[in-house]
Every structure is written in C-alpha cells, then in structure tokens.
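Trainee: Give me a 3D structure for the following:
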Amino acid sequence: MTTTIAPRQTALGARPQSHVVADSITMLRRNLLHIVRYPGLSMFTILGPVVILLLVVFVFGGTLGAGLPGVDPAAGRDAYLAYVMPGILLITIAGTASGAAITVSMDMTEGITARFRTMAISRAAVLAGHVLGNTIQAVIAVALVLGVGLAVGFRPSAGPIEWLAAVGLIVFISFAVSWIGVAMGMQSKTVETASNLPMILTLLPLLGSGFVPTASMPAWLQWFAQYQPFTPFIETIRGLLLGTPLGWNPTLAIGWCVVITAVGYAWSMAIYERKSVR
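Mentor: Numbers count the residues shown, from 1 in each chain. As a prediction, this is how the structure comes out:
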C-alpha cells in the first residue's frame, strides 16, 4: 500500500491566496486594536494639520488670500481657506506615514516580526495588515480634519460624483503613502529614526501647490514643485472639490499612486526577505 505524503510547505509566501487574505484580515485586526489602545499617534496626526489650518487661515490667510490670482482682497481669508484645504488634507495623509513607520519599527525592534516569521503566516499579510490599518486611520483622520475645515468656513462646490471620486483618490493616496511608511519603518534601525524619516513626506505639500501657486516660486523650485507627486494629488482634490481645472492632474495622480505603491511594496518585501534570513 502506497502512502502519499503532501509536500512540505517551504515558503510562507507559497500559501494559497485564500490563506493570504485571511492572514491579512487577522493582521489588520491586530493593527486596528493598536490604534484603539494607543490613541496618542492618531491624535497627533489629526491635531498637527488642524493647528496648521487654523494658523495659516486666521493668522496669514487674509494676506495670503489677497495675493491669489483673481481674488477680491476683502474675501482673502475665505479664498485662502478654500485654496489651502486640499493641501492640509494631503499633509494629514503624509503625517500618517509616521504612525505606520513607528508601529512597524516597534514590531521589528521588539522581536514581534521575528516571531511572525516562525509562524505559518504569509509574509505579505504581515505587511499588508500594517498598510490596511494605516490606510483606515488616514481616511478617518482626513474626515476629521475636513470636518474642522467645514466648521471654520470651507465650502466645497462638489456634487455626489465629485465627492465619490475625491474619496476614492484619498483612499488610494493613503494606501500608497502607507506602503512607503511601512518601508521606512522597516528600513529604520530604531523607533526614533522611524518617527523622523517619514517627515520628509509632510514637506512635499509645502513644496508643491498646497499653500501657494507654484508659479509664484523661484524657477529652480517651481520645476520641482510642478513634477513632484503631491502637486497633482492636491490639484486633483482641489479640482474635484472646488471645480478648478483638472487637466492631466487626475491621470498623473493615479500614476503616481501606482508607482509609490509598487516602490513601497518592493522596498518593504526586499527588507523583510533580507532580514528573515539573518
């Protein structure tokens, strides 16, 4: 009588796709519990953009708004609130990358990730749990910051279709930025480094069209501002919510999301695989 023995699974990545999805959901639940148990990171992610919003609108908004093309100086503050709100939303998303980097770095330095490697858990699912959890956190943070904007006078002119498109793009951007945050957290050797490294992402809305038109910048900075990813992100959200011309910005925004997601995924998995064999 011949006994058939199933081949031993030698790689966690070779698990059936259904198991990968189930593992991802399990890891997502774990990360959502972390968000509930450690609300400090979430509060900082929300309070930072809110403080910036209130500061630039009520302290500098009158002057900056009066300098926008075609704006009545008497309505400068309201005009600047409408102009700057998309940039504030993108700063909120960029800020959540620090939370992803910190939680991943904590798992790496405390040995939790090493323990996961010894268990029958898909390697992609371990990272996907962080990414999905951070994406949900980013969308909630954007909704709360947007609520503050509405409370202080932001009045978008978008219809249902434009709102649906804006929400979809915000989710996609959050997903892409979360992958970069996870990769930065895995790359960092300490939690302190992980908390600082993603801060470069929060500067990109400032160095784009988030706070002033790129045409007002020096020529050398204008080139960078126009071609970096956060400018089409901002201009697409601005166009959807406020009816400004969209042009090629939606195509560029989606393209950048795909590129950032691919880079973040490849970077994260490369580090995970390299460290798993040490």
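Trainee: Give me the nearest residue to Thr231, chain neighbours excluded.
Mentor: Gly208 (3.9 Å; CB to CB, 6 or more residues apart in numbering). (C-beta placed from N, C-alpha, C; glycine too.)
Trainee: To clarify, my last question referred to Val212.
Mentor: Of all residues not flanking Val212 in the chain, Leu64 sits nearest, at 7.2 Å (CB to CB, 6+ apart).
Trainee: Tell me how far that neighbour lies from Phe175.
Mentor: Counting by CB to CB, to the nearest Å, the gap from Leu64 to Phe175 is 32 Å.
Trainee: What's the local residue count around the residue nearest to Thr231?
Mentor: By the criterion of other CB atoms under 10 Å, Gly208 has 25 neighbours.
Trainee: what does Val212 give?
Mentor: Residues near Val212, counting by other CB under 10 Å, number 18.
Trainee: SS state for it?
Mentor: coil (DSSP: H, G, I helix; E, B strand; the rest coil).
Trainee: how about it, phi and psi?
Mentor: Reported as degrees, to the nearest 10, the phi and psi values for Val212 are phi -140, psi 150.
Trainee: which secondary structure element contains the closest residue to Leu197 other than its chain neighbours?
Mentor: Excluding its sequence neighbours, the residue lying closest to Leu197 (CB to CB, 6+ apart) is Met184, at 4.6 Å. Assessed by DSSP states H and E, Met184 sits inside helix 160-187.
Trainee: Quick check: buried residues in that helix?
Mentor: Neighbour-count burial for helix 160-187 flags 162, 165-166, 169-187 (criterion: 16 or more other CB atoms under 10 Å).
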